[in-house]
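J.: Sharing a model that was predicted from the sequence below.
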Amino acid sequence: MTTIVASFKERAMFSDSRTTDEDAGIKWATRKIEKIDGVLYGASGDCIDIEAFINWIKAGKKRRPKIVDESFCAIELNERGIWLWDYRLKPFAAGIDRHAIGSGAMAALAAFEMGADAKTAIEVACKIDSRSEGPIYTESL
């Protein structure tokens, strides 16, 4: 799966890099954060849905794609804060200055609660969550 961490205070997004094809039993490293027009986006869920979402954002949100995986989740970090997207592609303000999505989100959020910065939170998630691993990628606003 994935862990993506966003910090408005640090003005950065961090992600693991593990991508898995469960059917084929293989994994590889990939970048999971996109910077589009000065805004950071990361997503977790089915790779086809993630690609459709990113392409939709790049195209100026024209012709909304159909996201088939209801577990799809995206996180956006912009100059106003952190926004979350679900499979309906309706953004909503997170209302907090740091957040995490994906299979390692709970571990990252727990690290935040213990005072960790975003880089440490993603490192903790990669240690705890069996579906997240490095290398860790970082993008700044």
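T.: Arrived safely.

J.: Now do stretch 42-55, average pLDDT.
T.: Average pLDDT, stretch 42-55: 95.

J.: what does it rub up against?
T.: 1-4, 6, 13, 15, 19, 32-34, 36, 41, 65-69, 71-75, 85, 87, 89, 101-103 (CB atoms under 8 Å, 6 or more residues apart in numbering). To be clear about C-beta, it is placed using only N, CA and C from the backbone, and glycine gets the same treatment.

J.: Quick check: buried residues in it?
T.: 42, 43, 44, 45, 49, 50, 52, 53, 54 (16 or more other CB atoms under 10 Å).

J.: quick one: which of these sit in helices?
T.: When DSSP state H is applied, the buried residues of stretch 42-55 are split such that 49, 50, 52, 53, 54 fall in helices.

J.: What separation is there between the first one and residue 60?
T.: What that stands for is residue 49. Using CB to CB, to the nearest Å, residue 49 is found at 19 Å from residue 60.

J.: quick revisit: in the buried residues of stretch 42-55, find the pair that's most separated.
T.: Using CB to CB, these reach their maximum pairwise distance at 42 and 52, which is 14.9 Å.

J.: end-to-end on stretch 27-36?
T.: 26 Å (CA to CA, to the nearest Å).

J.: I meant to write stretch 125-138 there.
T.: Stretch 125-138: ends 15 Å apart by CA to CA.

J.: Repeat that for stretch 132-141.
T.: OK, stretch 132-141 end separation, CA to CA: 23 Å.

J.: coming back round to it: specify which member of the ones in helices among the buried residues of stretch 42-55 is nearest to residue 116.
T.: residue 50 (26.1 Å).

J.: Return the residues in contact with the residue lying farthest from the centre of the chain.
T.: Residue farthest from the centre of the chain, counting by CA atoms, centre = their mean, is residue 24 at 23.6 Å. Residues near residue 24 by CB under 8 Å, 6+ apart: none.
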